[in-house]
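Only the shape, not the letters, is given here:
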């Protein structure tokens with residue numbers, strides 16, 4: 001299986017990027033995964049959709065990450081009760097690439113609620129574009145203190161829930177990719 005991870009924060013010191021890199025490491029250890037690609041919103045400077053022409057190279061790279069994947073894993077922070085505008089803007093450049101594509105979302109927050117509003121925002125979008133969203137979600141709270149200095153998660157709640165989240169996403173992806 002080929003998995004593409006999409007990190008949705010444009011901030012330089014994004015906690016969601018740390019979570020996304022951790023998931024990439026975990027997926028790379030799984031023998032069922034043949035490839036993981038990491039698309040980081042910070043690496044793409046797409047102009048506001050419909051306003052200017054985006055880089056052909058950037059569009060092609062992002063598009064191949066979407067189309068070549070058997071499943072899409074989104075790691076997204078909550079900004080003002082929604083997904084970040086830069087993240088949504090990048091996704092809006094594409095449409096058919098999401099149809100019937102297995103998806104999972106982990107939302108990330110510095111606070112105690114794990115980005116639950118971004119989760120609801122993303123779910124609406126995923127259904128709108130025809131994605132097949134895993135019913136198992138992951139809300140990552142207090143992300144700033146999630147990892148120790150070696151990058152190992154120290155939060156008991158996260159450590160109990162992320163394996164189930166990944167397992168369910170991979171199960172869904174495998175069933176649909178057949």
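Noted; the coordinates are in hand. For clarity, every value in this text was computed on a predicted model and none was experimentally measured.

For the residue positioned nearest the centre of the chain, name its beta-bridge partners.
Among the residues of the chain, the one closest to the centroid is residue 74, at 1.2 Å (C-alpha atoms, centre = their mean). Taking DSSP bridges as the rule, residue 74 bridges to residue 6, residue 105.

Tell me if I'm right that it and residue 9 touch.
No: in terms of C-beta atoms under 8 Å, residue 74 does not count as a neighbour of residue 9; the distance is 11.3 Å. From N, CA and C alone the C-beta is placed, and that goes for glycine too.

the longest helix in this protein is where?
When the chain is scanned for its longest helix (criterion: DSSP state H), the result is helix 156-177.

Check which helices and strands that one is in contact with.
helix 15-28, strand 71-77, strand 102-108, strand 138-140 (3 or more C-beta pairs under 8 Å, 6 or more residues apart in numbering; DSSP states H and E).

Show me which parts of the following helix or strand past the first one are buried, residue by residue.
By that I understand helix 15-28. Scanning forward in sequence from helix 15-28 by DSSP states H and E, the next helix or strand is strand 35-40. Residues of strand 35-40 classed as buried by neighbour count (16 or more other C-beta atoms under 10 Å): 36, 37, 38, 39, 40.

give me the low-pLDDT residue ranges for the chain?
Of all residues in the chain, none has pLDDT under 70.

For residue 93, the count of nearby residues, please.
As a burial measure, residue 93 scores 18 neighbours (other C-beta atoms under 10 Å).

In terms of helices and strands, where is it?
Applying DSSP H and E, one finds residue 93 in no helix or strand.

That one against residue 49, yeah?
Yes: under the criterion of C-beta under 8 Å, residue 93 makes contact with residue 49 at 6.0 Å.

Could you measure from residue 169 over to residue 155?
Separation of residue 169 from residue 155 (C-beta to C-beta, to the nearest Å) stands at 20 Å.

In contact with the residue nearest to the centre of the chain, which residues?
5, 6, 8, 103, 104, 105, 106, 122 (C-beta atoms under 8 Å, 6 or more residues apart in numbering).

Now for those residues: which two are most distant?
Greatest spatial distance in those: 5 and 122, 14.6 Å, computed using C-beta to C-beta.

Mind checking which of residue 169 and residue 155 has more residues around it?
Ranked by neighbour count (other C-beta under 10 Å), residue 169 and residue 155 place residue 169 first, with 25 against 16.

show me what contacts that one?
71, 73, 102, 104, 134, 136.

what's the burial count for the closest residue to the last one other than its chain neighbours?
If I follow you right, that is residue 136. Excluding its sequence neighbours, the residue lying closest to residue 136 (C-beta to C-beta, 6 or more residues apart in numbering) is residue 168, at 3.9 Å. Using other C-beta under 10 Å, residue 168 has 16 other residues around it.
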